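Enquirer: okay, here's the prediction I keep looking at, along with the sequence it came from:
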Amino acid sequence: MSEKTILVQVTGADKVFQRGSETIHILGGLDLQVAQGEFLALMGPSGSGKTTLLNLIGGLDRPTQGEVTVAGARVDVLSDRALAGWRARHIGFVFQLYNLLPALTAEKNVELPLLLTPLSKAERRQHVAAALSVVGVAHRARHYPRTLSGGEQQRVGIARAIVTDPTLLLCDEPTGDLDRKSGDEILDLLQALNRDHGKTIIMVTHDPHASARATQVRYLNKGRLTTEKPE
């Protein structure tokens, strides 16, 4: 890995929550490196901190202690305003439940991240068409989410995530709400984005079938990462 560019560097990350008088330790002194172009699967039992770690990397949350550096930026010390701009440039999020706005067509959902950029309307339209084409749903551009299958909705979600050409894709259980056939199609797409388009991907999953598609697998257990599956 030393020969590759390190895109994500998490050093000594702790995450602690207070629930009343109870202190809950989610992550404890966690270290992680992800190289540019890698497809990493994060596995672990429910409540092990997988989504918390993903949120720290994506700048949606901050560690209680430790450092998070992504694409050369210390994400944990950026102001909220700077963080919003940084996320818009560098991070594409893919969620388990798609998070599409029902009142907007597929193409309008995909366009949303571009509204934060200086692109013209015509340029936004071109970017949206390209992203929908890459994920294979260009023919469904003017359809509303309610008329799309689960697999199609997730493809639109992925198009929205890649439309700004982000540095890093963060996927939280992207196949968790899909049947096996649709899930396999989404995994095929993520693999293609990694292999053919050079996208760096970090995917949280509980499914060994999904993690088998990644180039690296790490297990999160009791707030720490390991390369070996916990007993």
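Expert: Right, received. Where do you want to start? Residues are numbered from 1 along each chain as shown.

Enquirer: what is the burial count for Tyr98?
Expert: Close neighbours of Tyr98, defined as other C-beta atoms under 10 Å, add up to 20. Yep, even glycine has a C-beta here, placed from its N, CA and C like the rest.

Enquirer: now do Asp188
Expert: The burial count for Asp188: 12, using other C-beta under 10 Å.

Enquirer: so what's Gln18 up against?
Expert: Ile24 (C-beta atoms under 8 Å, 6 or more residues apart in numbering).

Enquirer: am I right that it is in a strand?
Expert: Yes. Under DSSP: H, G, I helix; E, B strand; the rest coil, Gln18 falls within a strand.

Enquirer: and it, how far from Val128?
Expert: Using C-beta to C-beta, to the nearest Å, one gets 42 Å for the distance from Gln18 to Val128.

Enquirer: now swap in Pro174 and tell me
Expert: On the measure of C-beta to C-beta, Pro174 and Val128 end up 20 Å apart.

Enquirer: which one's more surrounded, these two?
Expert: More neighbours surround Pro174 than the other of Pro174 and Val128, with 27 against 23 (other C-beta under 10 Å).

Enquirer: without its sequence neighbours, what residue ends up closest to the more buried one?
Expert: Excluding the flanking residues, the one nearest Pro174 by C-beta to C-beta, 6 or more residues apart in numbering is Val94, at 4.9 Å.

Enquirer: do Asp76 as well
Expert: Counting by C-beta to C-beta, 6+ apart, the residue nearest Asp76 is Val68, at 4.6 Å.

Enquirer: list the buried ones in the helix or strand hosting the one you found?
Expert: Assigned by DSSP states H and E, Val68 falls within strand 65-70. Using 16 or more other C-beta atoms under 10 Å as the burial criterion, the residues of strand 65-70 that qualify are Gly66, Val68, Thr69, Val70.

Enquirer: same check on stretch 208-220?
Expert: Neighbour-count burial for stretch 208-220 [16+ other C-beta under 10 Å]: Ala210, Ser211, Arg213, Ala214, Val217, Arg218, Tyr219, Leu220.

Enquirer: in JSON lines: the residues you listed, plus distance to Leu187, secondary structure and pLDDT.
Expert: Below are the buried residues of stretch 208-220 laid out as JSON lines (distance: C-beta to C-beta, whole Å; DSSP: H, G, I helix; E, B strand; the rest coil; pLDDT from 0 to 100):
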{"residue": "Ala210", "distance to Leu187": "6", "secondary structure": "helix", "pLDDT": "94"}
{"residue": "Ser211", "distance to Leu187": "10", "secondary structure": "helix", "pLDDT": "94"}
{"residue": "Arg213", "distance to Leu187": "5", "secondary structure": "coil", "pLDDT": "95"}
{"residue": "Ala214", "distance to Leu187": "9", "secondary structure": "coil", "pLDDT": "96"}
{"residue": "Val217", "distance to Leu187": "14", "secondary structure": "strand", "pLDDT": "95"}
{"residue": "Arg218", "distance to Leu187": "18", "secondary structure": "strand", "pLDDT": "94"}
{"residue": "Tyr219", "distance to Leu187": "19", "secondary structure": "strand", "pLDDT": "93"}
{"residue": "Leu220", "distance to Leu187": "20", "secondary structure": "strand", "pLDDT": "91"}
